[in-house]
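K.L.:
Structure of the sequence below:
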Amino acid sequence: MKRICLLAMAGGLLCHPATTWAQDDELEMEIFFAPAETVTSAARHVQPLELSPSAITVITREDIEASGARTLPEVLRLVPNMDVSMINPIWNIIGVRGHTELTSDRVLLLVNGRDVTLEFFGFPLWSVQSFSMDEVERIEVIRGPGSALYGANAYAGVVNVTTLAPGTGSRASVSIRGGERGQTELAVRGNETLGPASFGVSAGVEREDHWTGRDVLAKEVLRARMDGKIHLGSAAELALEAGVYQSGGSFYSTMGVVDMEEILAGYSRARLDFGQLMVQATYERTDFTAEMATQLLYPDLDLLLADMPKIEGHEEKYVAQVQHSLELFFNRVTYGGEYILTHFSSPILLDRDHQPKPDHYEHRMGVFAQDEIDLSALLKDVAGADIPPTVLTAGLRFDYNSVSDWELNPRASLVLAPAENHSFRLGYAHAFLKPAFFQSSLRMPLVDINNLGFEHLSLANEKLKNQTIDSLEFGYTGNFFGEKLVLRCDFAYNWYRNSIWWVYEPEEMEYKQVGGFRIPDINGPGFGFINEPEGEDGHNLELQAIYRPTERTRVFIQAGYRQVINNPSGDYHWGEPALRLAAGGDLTSARGLTFSLRAFYTGDHHRVLTDPDSVLKPKMFLKVPAYWLLNARVAWNLPLAPFNLSVGLEGFNLLNFRFREHPGLTFPNGPDYGGERLGRRIVLFIRGQL
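P.N.:
Numbering: from 1, shown residues only. Sure thing, here's the model as predicted:
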């Protein structure tokens, strides 16, 4: 029996109006944690990071520039215990605390409150969006389940990206990059403010030939975006945003060259904030055309059964959201809801009887409520008790979708600050994944070259249940030496249930007689997606230290360790534990020179098939050998009034370490061009700002 864990994700969107504590409480919290770094993602409103009900990492504009990262996956390496794997320059796999699979991410990606998941596949295109990294102001990463606020895609975590607000930053900027592996990038951005209105416009082009020794275009991106804000009074603001990108490229796999001929995506978003009320509407459309170059082979005879046709079609998503917050006595209550309609259209789609059905619709809705209680203020008022700052957070979200029914997602957290600049957090959260469209509904024709009767491929299983996770977490945050040293420690124990697996079970399959051979029927039982009845348990430990001895220097070190306990059925063994380490530092001289260094280490980890009757045999599968990454950046700022010029070099993988981050597009012991990463890369950059 061969089982490969393929997990699906679906949507939930972020909306976070800037709600605050009452004025006196806000001043008290800022004094207690000085300086008070705030976050919005963990509770959908502004709050001190140390009082957040979730484990959260903040990546600032300073962090992004120092890292030299040009895509989101590259900068997310700075998050403790976060898995970042590149299958190809367009397809990246992102996971938190070990939650990574080849076909579905389990992390929700939000950009300015907009869920950018491609619902057809169940994951976003992490490295291809309508903005460049020069436009990113801040990234907040929730490490842990977030479905109680954000729905299905927030199974293992949430990545919330905020771009520069219109009217902020430089009035105009131009960035040019070029270097080894054919990497070139041009990005421009402009800002203007006219009375109560501010607006920004950006555009860019990016190209790279990624794979070493192969003359194949890896990725090409054209992008454009505009956004604006109109202040309608002291308590009202209207935000408008629209963007588009076009991308494509090719990459090698063991099945041939996969040609992503075109991805064309566009969106528009309107959001109104009126006091504590937020209303948002979003429309997205993605058109795609890909030549998969995929052949279905019968392994025992090396017999070609059929070819995969060209995949083309489009996906549309309509989203409506509303959220409101209010303060009652010692409570802050946040509640809201959303409705999502997704339309899939492709000429290759079939119904249950294998007849053409080009249009499919999926309906989803979610409503949530969350209450934050200031227990210290409550007990002081009611009983005169003087206890340290203590916040209790409790929330519940109800989600329904037309694919896999409904789910309840509770959360609870208690944060205690017993001493100045120290806080402890104890929390519980439940989250879920709904099946992706290709897992629950995908049926498509095949090119039956040899007339063997294999005219269709059906991966659909309408009976799939939601995959769930329950997480119990403990965290600590402390500031030392006058806020120069920040220590954070987080531990989580997780329970995973109803995992979605792709199954190939010869003993349960039906067979066709082809000449003198019995060939498995790929449209019968024993082939497709199922829910694994057994569950797994696992635990994670994350440590992070940030030290700023002076204003011009910074050093950080972090460690992440995880282990997933074996599947009790014994058919599939997760070869954890896994260890991830990162360290780095930044130094800025008085003459405007900045030196940045980042080092990453990933210990070897693997998963092993143990069933001796499997067509894969009992060999190592998805093995990731240990590897090092050493990245560096040197920048020189040249103020030439009225311009500010920055030039420098960015180096990726300076040790020229050959590594395979996430093999899996092949069988064991076979070549895997999809998993092989590039060697050393040096890039020159020039950026001018007005």
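K.L.:
In the stretch 451-600 of the chain, what residue spans correspond to strands?
P.N.:
Using DSSP state E, counting those that start in this stretch, the strands of the stretch 451-600 of the chain run over residues 456-458, 467-480, 485-497, 500-504, 511-514, 517-520, 527-531, 536-547, 553-564, 572-575, 578-588, 593-602.
K.L.:
okay, these in a markdown table with distance to A152 and mean pLDDT next?
P.N.:
Any C-beta I mention is one placed from the backbone N, CA and C, and that applies to glycine too. Shown next, in a markdown table, are these (distance: least, C-beta to C-beta, whole Å; pLDDT from 0 to 100):
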| stretch | distance to A152 | mean pLDDT |
| --- | --- | --- |
| strand 456-458 | 24 | 86 |
| strand 467-480 | 9 | 94 |
| strand 485-497 | 15 | 93 |
| strand 500-504 | 12 | 75 |
| strand 511-514 | 37 | 76 |
| strand 517-520 | 32 | 75 |
| strand 527-531 | 15 | 82 |
| strand 536-547 | 20 | 90 |
| strand 553-564 | 21 | 88 |
| strand 572-575 | 23 | 49 |
| strand 578-588 | 25 | 90 |
| strand 593-602 | 28 | 92 |
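K.L.:
would you turn those into TSV with mean neighbour count and distance to G275?
P.N.:
Below are those laid out as TSV (neighbours: other C-beta atoms under 10 Å; distance: least, C-beta to C-beta, whole Å):
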stretch	mean neighbour count	distance to G275
strand 456-458	19	51
strand 467-480	20	31
strand 485-497	19	34
strand 500-504	20	42
strand 511-514	14	66
strand 517-520	16	62
strand 527-531	19	44
strand 536-547	19	36
strand 553-564	19	38
strand 572-575	19	49
strand 578-588	19	40
strand 593-602	18	42
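K.L.:
Please name whichever of those strands is nearest to G179.
P.N.:
strand 593-602 (16.8 Å; C-beta to C-beta).
K.L.:
who touches that closest one?
P.N.:
66-68, 77-78, 578-588, 624, 626-637, 648, 661 (C-beta atoms under 8 Å, 6 or more residues apart in numbering).
K.L.:
and the closest residue to S589 other than its chain neighbours, how many residues sit next to it?
P.N.:
Counting by C-beta to C-beta, 6 or more residues apart in numbering, S589 lies nearest to R552, which is 7.4 Å off, once chain neighbours are set aside. Per other C-beta atoms under 10 Å, the neighbour tally for R552 reads 12.
K.L.:
who are the neighbours in contact with R552?
P.N.:
Each residue near R552 by C-beta under 8 Å, 6+ apart is listed here: L587, T588, S589, A590.
K.L.:
Where does the prediction get shaky in the stretch 51-200 of the chain?
P.N.:
Residue ranges of the stretch 51-200 of the chain with pLDDT under 70: 99-104.
K.L.:
all helices of it, in order?
P.N.:
For the stretch 51-200 of the chain, helices defined by DSSP state H, counting those that start in this stretch occupy the ranges 61-67, 72-75, 147-150.
K.L.:
Can you work out which other helices and strands pack against the last one?
P.N.:
Translated: helix 147-150. Applying 3 or more C-beta pairs under 8 Å, 6 or more residues apart in numbering; DSSP states H and E, one finds that helix 147-150 contacts strand 359-374, strand 390-401, strand 405-419, strand 422-433.
K.L.:
Pick the most deeply packed of the helices of the stretch 51-200 of the chain.
P.N.:
Across those, averaging neighbours per residue (mean count of other C-beta atoms under 10 Å) puts helix 147-150 on top, at a mean of 30.
K.L.:
which residues touch that helix?
P.N.:
Helix 147-150 has contacts (C-beta under 8 Å, 6+ apart) with 12-14, 43-44, 108, 110, 154-155, 158, 368, 370, 395-397, 399, 407, 409-411, 429-432.
K.L.:
how does it look with 7 Å?
P.N.:
With contact meaning C-beta atoms under 7 Å, 6 or more residues apart in numbering, helix 147-150 is reached by 12, 14, 44, 108, 154-155, 158, 368, 370, 395-397, 409-411, 429-432.
K.L.:
And for stretch 388-398?
P.N.:
Contacts for stretch 388-398 (C-beta under 7 Å, 6+ apart): 32, 43, 51, 53, 147-149, 151, 366-376, 406, 408-418.
K.L.:
Show me just the buried residues among these.
P.N.:
Buried members of those, counted by 16 or more other C-beta atoms under 10 Å: 32, 43, 51, 53, 147-149, 151, 366, 368, 370, 372-376, 409, 411-417.
K.L.:
L472 and L304, how far apart?
P.N.:
For L472, the distance to L304 (C-beta to C-beta, to the nearest Å) stands at 50 Å.
K.L.:
what's the answer for G336, then?
P.N.:
Counting by C-beta to C-beta - G336 and L304 are separated by 53 Å.
K.L.:
More neighbours: the two, which one.
P.N.:
Per other C-beta under 10 Å, whichever of G336 and L304 has more neighbours is G336, with 23 against 14.
K.L.:
in the sheet, who's paired with the more buried one?
P.N.:
Beta-bridge partners recorded for G336 (DSSP bridges): Q323, F368.
K.L.:
Ok, A242 next?
P.N.:
Here A242, judged by DSSP bridges, has bridge partners M226, S268.
K.L.:
so what's it scoring on pLDDT?
P.N.:
For A242, the pLDDT comes out at 97.
K.L.:
Which residues are in contact with it?
P.N.:
Contacts for A242 (C-beta under 7 Å, 6+ apart) come out as M226, Y267, S268.
K.L.:
Out of those, who's the most crowded?
P.N.:
Neighbour-wise, these (other C-beta under 10 Å) top out at Y267, 21 neighbours.
K.L.:
Tell me the spacing between F131 and R352.
P.N.:
Applying C-beta to C-beta to F131 and R352 gives a distance of 41 Å.
K.L.:
between the two, which one's more packed in?
P.N.:
The neighbour comparison of F131 against R352 (other C-beta under 10 Å) goes to F131, with 23 against 10.
K.L.:
Please list all residues in contact with the more buried one.
P.N.:
Neighbours of F131 in contact, by C-beta under 7 Å, 6+ apart: T163, S202, R225.
K.L.:
can you rerun that using 8 Å?
P.N.:
Contact analysis of F131 by C-beta under 8 Å, 6+ apart lists V111, T163, S202, R223, R225, G243.
K.L.:
Can you tell me the closest non-neighbouring residue to the first one?
P.N.:
Nearest in space to V111, with sequence neighbours left out and distances taken as C-beta to C-beta, 6+ apart, is V161 at 4.7 Å.
K.L.:
does the one you found really touch L72, like I thought?
P.N.:
Yes: using C-beta atoms under 8 Å, V161 is in contact with L72, at 7.1 Å.
K.L.:
Overlap of the contact sets of the two?
P.N.:
L109, I139.
K.L.:
okay if I get the strands of the stretch 451-600 of the chain as JSON lines plus distance to D381?
P.N.:
Putting the strands of the stretch 451-600 of the chain into JSON lines (distance: least, C-beta to C-beta, whole Å) gives the following:
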{"stretch": "strand 456-458", "distance to D381": "63"}
{"stretch": "strand 467-480", "distance to D381": "27"}
{"stretch": "strand 485-497", "distance to D381": "32"}
{"stretch": "strand 500-504", "distance to D381": "49"}
{"stretch": "strand 511-514", "distance to D381": "74"}
{"stretch": "strand 517-520", "distance to D381": "70"}
{"stretch": "strand 527-531", "distance to D381": "49"}
{"stretch": "strand 536-547", "distance to D381": "36"}
{"stretch": "strand 553-564", "distance to D381": "40"}
{"stretch": "strand 572-575", "distance to D381": "50"}
{"stretch": "strand 578-588", "distance to D381": "45"}
{"stretch": "strand 593-602", "distance to D381": "48"}
